[in-house]
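Visitor: next input, structure requested:
(4 chains)
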4 protein chains.
Amino acid sequence: MLEELKEKVLSANLLLKELGLVCFTWGNVSGIDRQSNLVVIKPSGVHYDKLSLNNMVVVDMDGNIIEGGLRPSSDLATHLELYKKYQEIGGVVHTHSRYATSFAQCRKQITAFGTTHADYFYGDIPCTRALTKDEVEKEYEKNTGKVIIETLGDKDVMKVPAILVSNHGPFIWGLDSISAVMNAAYLEESARMAFNTLTLDGSTQMIDQYLLDKHYQRKHGKNAYYGQKEKK
Amino acid sequence: MLEELKEKVLSANLLLKELGLVCFTWGNVSGIDRQSNLVVIKPSGVHYDKLSLNNMVVVDMDGNIIEGGLRPSSDLATHLELYKKYQEIGGVVHTHSRYATSFAQCRKQITAFGTTHADYFYGDIPCTRALTKDEVEKEYEKNTGKVIIETLGDKDVMKVPAILVSNHGPFIWGLDSISAVMNAAYLEESARMAFNTLTLDGSTQMIDQYLLDKHYQRKHGKNAYYGQKEKK
Amino acid sequence: MLEELKEKVLSANLLLKELGLVCFTWGNVSGIDRQSNLVVIKPSGVHYDKLSLNNMVVVDMDGNIIEGGLRPSSDLATHLELYKKYQEIGGVVHTHSRYATSFAQCRKQITAFGTTHADYFYGDIPCTRALTKDEVEKEYEKNTGKVIIETLGDKDVMKVPAILVSNHGPFIWGLDSISAVMNAAYLEESARMAFNTLTLDGSTQMIDQYLLDKHYQRKHGKNAYYGQKEKK
Amino acid sequence: MLEELKEKVLSANLLLKELGLVCFTWGNVSGIDRQSNLVVIKPSGVHYDKLSLNNMVVVDMDGNIIEGGLRPSSDLATHLELYKKYQEIGGVVHTHSRYATSFAQCRKQITAFGTTHADYFYGDIPCTRALTKDEVEKEYEKNTGKVIIETLGDKDVMKVPAILVSNHGPFIWGLDSISAVMNAAYLEESARMAFNTLTLDGSTQMIDQYLLDKHYQRKHGKNAYYGQKEKK
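Guide: Numbers count the residues shown, from 1 in each chain, chains lettered A, B, ... in the order given. Take a look at the predicted model:
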């Protein structure tokens, strides 16, 4: 079942590794089929070179395993919260990529300092508040999803498709699992440059709003003119 | 048409990738044929492993497509401004290379701290002022070229063949597209060392003028003695 | 003799190199056979590409060579102290990995800033006091072991399987030599992120204790649910 | 002539590239034959993948070309000053390796912060004073050698086989050209860790003198016990 989605989610997990966004098993990608409301996700703790179509896990929206002999990623409940709340999300990624995670460890947002960031994220990458003791001890992964939603509120989540969870690391999403992984890559490169920028000058301000608008719109707006028409 | 130039510009784009100066599609190289006043440039948003002689775009000095089925790089208008103003430029490069871009995000020049920098750039790499709202909203890419020209003024642009555009990234040029790419590489390495230098000691001063003179001249002066005669 | 252990310790030494944790010959791994009380260790100063089953050194708990024609690693006496004191340790690693060593050079612990750290280390990675002149001049390597033990005291050493020796570098251990090497890798990545975190904000505090508990327990506790059951 | 020396110096130059110590053509290695007082050195500005036995340059102690059709490295006169002054030096290396050069750009010594440094360098790596205008304008490369000698004075140059030239970069030496290249690698790694150390804590002090003594002596002293006897 869901062979096409399983193939895509498998490719997305392998791409995550190929792009250098995970060490060891520190990351996971899922994708959703909105018609059946089923989610395909990486099995927990399995090395990327052992991944295959056969060990991808299919779960329903309550996290019940529908297909697959292995446990799903331990972060599954976070993915599910995001899919439930935001209908436009087709893929979710979690990584411990080095620079984005370093900002999360400081509980510091990644400010939009330049056009590289603005080409993919329409504004700063926010960082959630810390979870309370109670939220961590009971249904931790579900509450991680909830604090992400609390932070994002009613914003258009496709315009800034990433967030940092305090002291943990980034969650990233997209129209499907592959575009979510690409967004994870853009996030990490934006985080590296933001790290350099703040190291050079800790008082650096955000890019001018009109330059942010211009770059985001020339790639993602109605009248976008970056790239080739057939690729839009 | 312009087969030789197209081959060189293609090679230059591939070299940009090979030297690690671009992630994804974040860069472009062009070259000009001064006799016909035609420019060859990378197509917009096309991945480097998909580039071929067939998809390079040929445009005239007004940006009209003369040959090629794809849109030219969205930064074309910036390239054209530079070609129009500075007759000695044969190739133009734009990248988001990590360290040079980090300086641009701080709106900070790259000071000439050492002989590595002085071997290729006769002085600091300047950073433009920020563009105004109006300049960004109307003819943004053309105005990016204009603010570069405003910053460079009547300096000999071949002596410092690079500039940072505020909150955006570097533009680099050279006698042809290949030498422009090499200058982009020298810029990025100079930027990395300048980053380290300022991290170690934020009050570091520019190299002594006479040492800058010496290094630049022994490579580029009338009586240059670096390298082999036949290569001059 | 001890063919199986020699093979494992050889693999562990090669893995150390493969994971980028050693430059040149700057590291060594040993493993112990608790039944015979014999230790297998890398020969001193031999390059990783020259290592083979034949040149691994077998020593007893007093450091006498039982098998092998080469000198054991000069850090052997430190390994032996750890094996004698902590019966649960099956493998010991020493590296000069770049970020962990940089913290050691500052005599600075690696604070548990995030869940990446908490997934493997149940608290901060301590740094020993400096050795005295006398401790360095007489039985230096043995005293290095002793100051590690003095620092760890009666803590459960498997919960934080690493320490920094002042001005020197990390020692790391595990259930066997392979898991000790993996812990060395987790340490270095935690150290890199801690370096970034402190560079971004020098006043960053440790992760909340309850989040540390949660992450450590979901991987290592009685009711661990990370990974697959058969791998526990 | 000097085939054996030419082969060694060629290998040393290629090793410099392989170890990642040079970008482009930014480095050179020479070796001396003390019997004939002839020096073999890399040709100037030639790419490492074009180097061969045939294009190595043989010069006498006055810098006259004895064999070879290409110009010698422009830094030749610096190498010659070192060979003339210090009879125990058999090979000289110059690089623009990133971290050592960053310290040179700050005119800052590389303090001996740890045992990694102490294993190869018996104390801090000094940085020369800046050259005067006159010294730069007349016989610049020779004066670079002279200011190195002025800084080193009558120290045993084999105990700290490297120096930083202000605003320029490191010069490194050894018993022969290969060991000089290895020292260049140890220098760069020491510089990287010193950079990290100072970024973490700018007030970090030098390693205790007795620990420096111990590490240097266990590798290089009369009673050295690091490595294998047959390799001494």
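
Visitor: quick one: residue A:149 and residue A:85 touch, right?
Guide: Yes. With contact defined as C-beta atoms under 8 Å, residue A:149 counts as touching residue A:85 (5.1 Å). Using the backbone N, CA and C atoms, a C-beta is placed for each residue, glycine as well.

Visitor: how far does the longest helix seen in chain A sit from its chain's centre?
Guide: Secondary structure of chain A read by DSSP state H shows that its longest helix is helix A:177-200. With C-alpha atoms, centre = their mean, to the nearest Å as the basis, the distance from the averaged C-alpha position of helix A:177-200 to the chain average is 11 Å.

Visitor: what's the angle between it and helix B:177-200?
Guide: Relative orientation of helix A:177-200 with respect to helix B:177-200: 60 degrees, computed using axes from the mean of the first three to the mean of the last three C-alpha atoms, to 10 degrees.

Visitor: read off the pLDDT value for the residue of chain A found nearest chain C.
Guide: Residue of chain A nearest chain C, by C-beta to the nearest C-beta: residue A:45 (2.9 Å). As predicted, residue A:45 sits at a pLDDT of 91.

Visitor: between residue A:149 and residue A:85, which has more neighbouring residues?
Guide: Residue environment comparison for residue A:149 versus residue A:85 gives the larger neighbour count to residue A:149, 18 against 14, counting by other C-beta atoms under 10 Å in any protein chain shown.

Visitor: next one: phi and psi at that one?
Guide: phi -60, psi -40 (degrees, to the nearest 10).

Visitor: list the contacts of it.
Guide: Residues counted as contacts of residue A:149 (C-beta atoms under 8 Å, 6 or more residues apart in numbering or on different chains) are A:81-82, A:85.

Visitor: how close does it get to residue A:176?
Guide: Here residue A:149 is placed at a distance of 21 Å from residue A:176 (C-beta to C-beta, to the nearest Å).

Visitor: ditto for residue A:49
Guide: Between residue A:49 and residue A:176 the distance, using C-beta to C-beta, works out to 23 Å.

Visitor: so those two - more neighbours on which side?
Guide: Neighbours per residue, other C-beta under 10 Å: of residue A:49 and residue A:176, the larger number sits with residue A:176, 17 against 8.

Visitor: and that one, what is it in contact with?
Guide: Under the criterion of C-beta under 8 Å, 6+ apart, the contact list for residue A:176 reads A:8, A:12, A:31, A:90-91.

Visitor: next step: these restricted to strands.
Guide: Judged by DSSP state E, the subset of those located in strands is A:31, A:91.

Visitor: tell me the one of the contacts of residue A:176 nearest residue D:206?
Guide: The shortest separation between residue D:206 and any of the contacts of residue A:176 is 49.9 Å, and it belongs to residue A:12 (by C-beta to C-beta).

Visitor: could you pull up the residues touching that closest one?
Guide: If a contact means C-beta under 8 Å, 6+ apart, then residue A:12 has A:29, A:31, A:91, A:93, A:176-178, A:180-181 as its contacts.

Visitor: now the strands for chain A?
Guide: Counting by DSSP E, the strands of chain A are A:27-33, A:38-41, A:57-59, A:65-67, A:91-95, A:162-165, A:169-174.

Visitor: and the residue in chain A positioned nearest to chain D, what pLDDT?
Guide: Relative to chain D, the nearest point of chain A is residue A:199 (8.5 Å; C-beta to the nearest C-beta). Reported pLDDT at residue A:199 in the predicted model: 98.

Visitor: ok, it touching residue C:198?
Guide: No. With contact defined as C-beta under 8 Å, residue A:199 does not reach residue C:198; the gap is 11.4 Å.
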